[in-house]
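Asker: all I have is the shape, not the residue letters:
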C-alpha cells in the first residue's frame, strides 16, 4: 500500500470569503473546529476555574471587548489611543444611573452602553476629519482632561468616586454575562466587517478619497463605526462597574487604553479574533507575572518586544495560515 501526503482541506472544492463548497463531513468539522474552540473554551472554563481566576476571566473578556472596539476603529481608518474614554464613559453612565436613581444593573448596563457610546461619538464628532496621529492624540488627551475635570469640580464623587453600587445577582451572571456578550461581539462584528458596510469602512482606511469620489458619505460611515466601537467599550465599562460595585477616576486610567492596543497587536490587527486572542494571552500573563514584583513590567515588556519582533503579523494570522497547511497521509489509488 502506497501513501502520500495531502492537505486536510483538499476536499473543500471552492471557497470565497466565508462561503465554502464541501464534499464531506470531515471538511465541515475542519472548518467548524476553529470557530467552536473559543465557544467551548469560554463556556467550560468558568466551571473549572476558582473564584480568583473567574475574576481574571472577566478581565480577559473586558479587555477583549476593548481590543475589538479598537480594532473596529483601526479598520475604519481611526487609530485610537484612548479606549479608556469609551470604558470610562460607560462606567460613569451606568454608575451614576444606579447611584442616583437606584436602577437595576439590568437597566443601567444597557443604558450606560448606549449613553456612553453616544457621548463618546459626540465628543469625537468635531475631530473625525483628522487622520493618523492627530486623531489618536485627541482620543488620548480627552480622558486625561476628564480626570482633571472630575478632580477639580468633585462631580460624580470627585476623587473618592461612587461606591456601594448594586452588584449583579451572582458570580455566574458576571462570568457568563460578559462571556456571552464577548462571543456575540466577536462573531457578530466579524460578520459585519465582511459585509458591504465593513468593506466601505476598510475602503475608507485604504483610500478615503476614492470612497468620496464614489459618492459615499465618508463622515457618516465613520460616525457609525465610532458609535459601534464606543458602545462596545462602554459596555465593558458599565459591566465592570457593577462587578466591582464602584466607579471613579481610575476608569480613565491608561491601562484601559494601552493593553487593548497591545492585545490587538500581539493577536493580529484587522481580524477581531486576533484582538480577542491577544487579550486571552496578555491578561493572564499579567496576573502570572504579578508575583515578580517590580520585575513584572520588565518581563512583560520583554515578552511584548520578542513577540512583536518574532511575529510582526500577529499570532492569529500565523495560526490561521498554519492551520490551513495541515496535511494527512492518504492511500494512493493503484
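Answerer: Nice, I can see it. Computed from a predicted structure; not experimentally measured.

Asker: going by C-alpha atoms from here, please, whenever you check contacts or count neighbours.
Answerer: Fine.

Asker: run a quick neighbour tally on residue 166.
Answerer: Neighbour count for residue 166, taken as other CA atoms under 10 Å: 19.

Asker: how close does it sit to residue 228?
Answerer: 27 Å (CA to CA, to the nearest Å).

Asker: for the stretch 101-250 of the chain, which segments count as helices?
Answerer: Assigned by DSSP state H, counting those that start in this stretch, the stretch 101-250 of the chain shows helices spanning 105-124, 133-153, 171-193, 196-213, 218-244.

Asker: ok and the third one relative to helix 218-244, angle-wise?
Answerer: What separates the directions of helix 171-193 and helix 218-244 is an angle of 170 degrees, with axes from the mean of the first three to the mean of the last three CA atoms, to 10 degrees.

Asker: and what of the shortest one?
Answerer: Angular relation of helix 196-213 and helix 218-244 on a 0 to 180 degree scale: 140 degrees, by the same axes, to 10 degrees.

Asker: and the contacts of helix 196-213?
Answerer: Applying CA atoms under 8 Å, 6 or more residues apart in numbering, the contact partners of helix 196-213 are 74-78, 192-193, 218, 221-222, 225.

Asker: TSV please, covering these and showing pLDDT, distance to residue 183 and neighbour count.
Answerer: What follows is the contacts of helix 196-213, written out as TSV (pLDDT from 0 to 100; distance: CA to CA, whole Å; neighbours: other CA atoms under 10 Å):
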residue	pLDDT	distance to residue 183	neighbour count
74	94	20	19
75	94	20	23
76	93	21	25
77	91	24	22
78	93	24	26
192	93	14	14
193	92	15	20
218	93	29	18
221	95	24	17
222	95	24	22
225	96	19	24
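
Asker: any chance of a markdown table for these, columns distance to residue 309?
Answerer: Putting those into a markdown table (distance: CA to CA, whole Å) gives the following:
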| residue | distance to residue 309 |
| --- | --- |
| 74 | 21 |
| 75 | 22 |
| 76 | 25 |
| 77 | 24 |
| 78 | 24 |
| 192 | 31 |
| 193 | 28 |
| 218 | 35 |
| 221 | 34 |
| 222 | 32 |
| 225 | 30 |
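
Asker: please look at residue 62 and residue 234 and confirm they touch.
Answerer: No. The criterion here is CA atoms under 8 Å, and residue 62 misses it with residue 234 at 10.2 Å.

Asker: about what we covered before: which of the helices of the stretch 101-250 of the chain sits most buried?
Answerer: Mean neighbour count (mean count of other CA atoms under 10 Å) peaks for helix 218-244 among the helices of the stretch 101-250 of the chain, with a mean of 25.

Asker: sketch out the low-pLDDT regions of the stretch 101-250 of the chain for me.
Answerer: The stretch 101-250 of the chain contains no residues with pLDDT under 70.

Asker: about what we covered before: overlap in contacts, residue 62 and residue 234.
Answerer: Counting by CA under 8 Å, 6+ apart, nothing touches both residue 62 and residue 234.

Asker: and residue 28, how far from residue 194?
Answerer: 21 Å.

Asker: how about residue 228?
Answerer: 15 Å.

Asker: so what touches stretch 284-304?
Answerer: 56, 60, 262, 266.

Asker: which of these ranks first by neighbour count?
Answerer: Ranked by the number of neighbours (other CA under 10 Å), the contacts of stretch 284-304 place residue 266 first, at 27 neighbours.

Asker: residue 240 contacts residue 92, correct?
Answerer: No. Residue 240 lies out of contact with residue 92 (CA under 8 Å); the separation is 10.6 Å.

Asker: common neighbours of those two, please.
Answerer: Taking CA under 8 Å, 6+ apart as the criterion, residue 240 and residue 92 do not both touch any residue.

Asker: reformat the helices of the stretch 101-250 of the chain as a markdown table; add distance to residue 86.
Answerer: What follows is the helices of the stretch 101-250 of the chain, written out as a markdown table (distance: least, CA to CA, whole Å):
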| stretch | distance to residue 86 |
| --- | --- |
| helix 105-124 | 6 |
| helix 133-153 | 9 |
| helix 171-193 | 16 |
| helix 196-213 | 20 |
| helix 218-244 | 5 |
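
Asker: nearest to residue 69, out of these?
Answerer: Closest approach to residue 69 among these (CA to CA): helix 218-244, 4.5 Å.

Asker: show me the contact partners of the host helix or strand of residue 320.
Answerer: Assigned by DSSP states H and E, residue 320 belongs to helix 315-323. By CA under 8 Å, 6+ apart, the residues outside helix 315-323 that reach it are 266-268, 273-274, 277-278, 311.
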